[in-house]
Each structure stands twice: as structure tokens, then as C-alpha cells.
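K.L.:
Kindly return the folded structure for what I paste below:
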Amino acid sequence: MRSFLVSVFLIAFGVACVNCKPWKSKLAMSVKFKVCDESASYLAEVSNVTVTPCDKQPCTLHKGKSSTITISFTENKGVPAVNDTKAIVHGIVAGIPFPFTIDNDDGCKSGVKCPVKPGDSEVYKFTLPISSVYPSVDCVVKWELKQTSKDRKKDGKEVFCIEIPVAVK
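P.N.:
Presented below is the predicted three-dimensional model:
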């Protein structure tokens, strides 16, 4: 069974190709991440973070290319359902957060099936263009998904918040 799974993996990534032209695969890697604030009460628990392409940590985000972040999470039990979300992204350099504007900040349009109810497992996925004008720098990417609603009393509760180290080159 294990050799079957390895064969499927190799074929899927073009490694076991006969008479094929060589091509660069976009390897995905589950990366180590840090919860932004261990003492915070998030509405969900993140179980896995994947960056594509990435073959080692810190992942290199190549200028002029795109990288995809995939965040798997489960809504905590005992919290209200999340109907609307907004993604907020920062690059942290030398402890200073720099806001990163993304073209679609609605998590419900990035793979998350809203409303997210307690116990639901969801996957947030976003492809991020890395501008060629960004400086080459090692930094931490802070990715937050916040609840939004028409009821302003519920605004701003964090669904999740994670940080991952990256290198922009």
C-alpha cells in the first residue's frame, strides 16, 4: 500500500515521467506555524498550513510569481456560527507590521463554506501575487481571518491568526 501511495505521489508531481519534457513542479509543503497569541480566544483551531511552492522552511516567495497559502481549520465548539469573514495580512519586518493589501479579503469566497458552524472543518485558500517591487527580505507573514457582520458587536472576533516565516527573493 505504501509503495502504491509513493508511486501515485511521484506520478502526480511529474517525477516518474517517461519520455516527458522536464518541468518544474510546484511543490507544496506543510509548514510550521505559530498561533499569533496563545492566550487569545480564537473561534477556530488551525490544524495545518500549506504553502505552494515551498520545498523548505522558511518558504521562499519569489518576486514576480505567486504563492498559495492553504489553511485548514475547525470551528471550536460552543462558539457562534461564522457567517462572514475578512482576511487581514501583514508582513512583519524587524517587529514592525506592514499591511499587505489583498484583492479578495472575503474568506467565504476563498474556499470557506459560510456559515461555519461549531465543529465544521474548513479550508481557506488564497493565491498571493508577489510583486517584483517588494524588497528582498526575511520576514514573518501574519495571516488573520476575522468575523465580520452587520451586527457590529460581533465584528473583529478572530476566527484564526497564524504567523509563518518567509523569505522574499
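
K.L.:
in this structure, what spans have low per-residue confidence?
P.N.:
1-26, 150-155 (pLDDT under 70).

K.L.:
Please name the residues that touch the one residue sitting closest to the centre of it.
P.N.:
For the chain, the residue sitting closest to the mean C-alpha position, by C-alpha atoms, centre = their mean, is Ile69 at 3.3 Å. Residues near Ile69 by C-beta atoms under 8 Å, 6 or more residues apart in numbering: 49-51, 125-126, 128, 141, 143. To be clear about C-beta, it is placed using only N, CA and C from the backbone, and glycine gets the same treatment.

K.L.:
Thr52 and His62 touch, don't they?
P.N.:
No: with contacts counted by C-beta atoms under 8 Å, Thr52 stays clear of His62, the gap being 11.9 Å.

K.L.:
which of the two has more neighbours?
P.N.:
Using other C-beta atoms under 10 Å as the criterion, Thr52 and His62 rank with Thr52 on top: 17 against 14.

K.L.:
which non-adjacent residue is nearest the more buried one?
P.N.:
Ala28 (4.0 Å; C-beta to C-beta, 6 or more residues apart in numbering).

K.L.:
one step back: among the contacts of Ile69, which ones are buried?
P.N.:
49-51, 126, 128, 141, 143 (16 or more other C-beta atoms under 10 Å).

K.L.:
which SS class is the residue nearest to Val35 when sequence neighbours are not counted?
P.N.:
The shortest distance from Val35 to any non-neighbouring residue, by C-beta to C-beta, 6+ apart, is to Ile162 (6.3 Å). Judged by DSSP: H, G, I helix; E, B strand; the rest coil, the three-state class of Ile162 is strand.

K.L.:
cool, Cys108 as well?
P.N.:
What three-state DSSP gives for Cys108 is helix.

K.L.:
ok, how many other residues are close to it?
P.N.:
Using other C-beta under 10 Å, Cys108 has 18 other residues around it.

K.L.:
got a list of what it touches?
P.N.:
Applying C-beta under 8 Å, 6+ apart, the residues contacting Cys108 are 84-85, 114.

K.L.:
want to try CSV for the residues you listed, with secondary structure, distance to Thr74 and neighbour count as columns?
P.N.:
CSV is the format used below for the contacts of Cys108 (DSSP: H, G, I helix; E, B strand; the rest coil; distance: C-beta to C-beta, whole Å; neighbours: other C-beta atoms under 10 Å):
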residue, secondary structure, distance to Thr74, neighbour count
Asp84, strand, 19, 16
Thr85, strand, 15, 25
Cys114, coil, 15, 16
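
K.L.:
Serialize the residues you listed to CSV and add fields for distance to Ser149.
P.N.:
Output for these, formatted as CSV (distance: C-beta to C-beta, whole Å):
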residue, distance to Ser149
Asp84, 6
Thr85, 10
Cys114, 11
